[in-house]
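In: please find the sequence and the predicted model below.
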Amino acid sequence: MKDPRIPETPGWLRILRLGLLCSACGWGISFWFTFVPWQNAAEQLRAMGAKPLHYDPLLDYWLKMASSVFGCIGLASALACWKPDAFEGLVKLVSPFHLFVGTTLLVAAIQNHLTPPRHPMFIPDITFCYLTALLTGLPLLCGKERP
């Protein structure tokens, strides 16, 4: 198997950047939960299929912790999209990361018997992970010019 590198061809580089942009937006949107009050966050989670959540200081803390980490993944992806050559090591991790997260979410959805009418967000989440993995992985494997 050849060593994945940042693509040299313009088309593959655009596809890679599209995948990194998807990653940046998909994870970066989580910052919203970091900065809104608990009540707003709980209402949004309910709209996404969760049961009503009553305020719990530890849950609020964990939500802020998780959403800030997710948001930072988005920031890192945005930096890699901006200068993929400077962040080549990070770029190489984006596809495997999304494959792992997507598979984890798929297994969790099956184990927890999630259904689209009751839990509408799990399908877009899993699709996002696999699509981002594809858009960032294929250019690394196929995007080098042949001698």
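Out: Great, that's in hand.

In: can you tell me how far Pro52 is from His119?
Out: Using Cβ to Cβ, to the nearest Å, one obtains 15 Å as the distance from Pro52 to His119. Any C-beta I mention is one placed from the backbone N, CA and C, and that applies to glycine too.

In: okay, those two: which has more neighbours?
Out: When neighbours are counted by other Cβ atoms under 10 Å, Pro52 and His119 differ, and His119 comes out ahead with 15 against 8.

In: contacting residues around the more buried one?
Out: 49, 109 (Cβ atoms under 8 Å, 6 or more residues apart in numbering).

In: again, 6 Å this time
Out: For His119, the contacting residues are Gly49, by Cβ atoms under 6 Å, 6 or more residues apart in numbering.

In: so it, which of the three states?
Out: For His119, the reduced secondary structure class is coil; criterion used: DSSP: H, G, I helix; E, B strand; the rest coil.

In: give me the pLDDT value at it.
Out: In this prediction, His119 carries a pLDDT score of 86.
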